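> Mind looking at a prediction? Sequence and model below.
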Amino acid sequence: MPQAREDNVDVVGVWVTADGDIRRELRADGRYDEARGKRPSAYTGRYTVTGSRLQYVDDSGFIATGEVRDGVLHHEHLVLHRQEERRRS
């Protein structure tokens, strides 16, 4: 079983565009689920992380790449920021 690289960026969580229209959940199990507008699960698939680079393979077989730079996820023409978790009182 391959060992996880310690220098991989932690990407698990929900990432959103500034306007909130696109929400991408990157799960710890290597799967992702992307909502677009009012359309939940518009794109689903798996992803891998090598350093700061991500490779996505959606369930239809389409392949795309992304990169985290300065805490911001850049994917093709999209810029996504990690959504902060709401703290419970």
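Sure thing, it's come through.
> In contact with the residue most central in space within the chain, which residues?
Nearest to the mean C-alpha position of the chain, by Cα atoms, centre = their mean, lies residue 26 at 4.4 Å. The contact partners of residue 26, taken as Cβ atoms under 8 Å, 6 or more residues apart in numbering, are 11-15, 32, 47. (Each C-beta comes from the backbone N, C-alpha and C, glycine too.)
> for residue 56, same thing?
32, 45-47, 63-66, 75.
> Recalculate using a threshold of 10 Å.
When the contact criterion is Cβ atoms under 10 Å, 6 or more residues apart in numbering, the partners of residue 56 are 24, 26, 32, 34, 43, 45-48, 62-66, 75-76.
> Which parts of the chain are strands?
13-16, 22-26, 31-36, 39-50, 53-58, 63-69, 72-75, 78-82 (DSSP state E).
> most tightly surrounded among those?
Burial of these is given as mean neighbour count (mean count of other Cβ atoms under 10 Å); strand 22-26 ranks first at a mean of 21.
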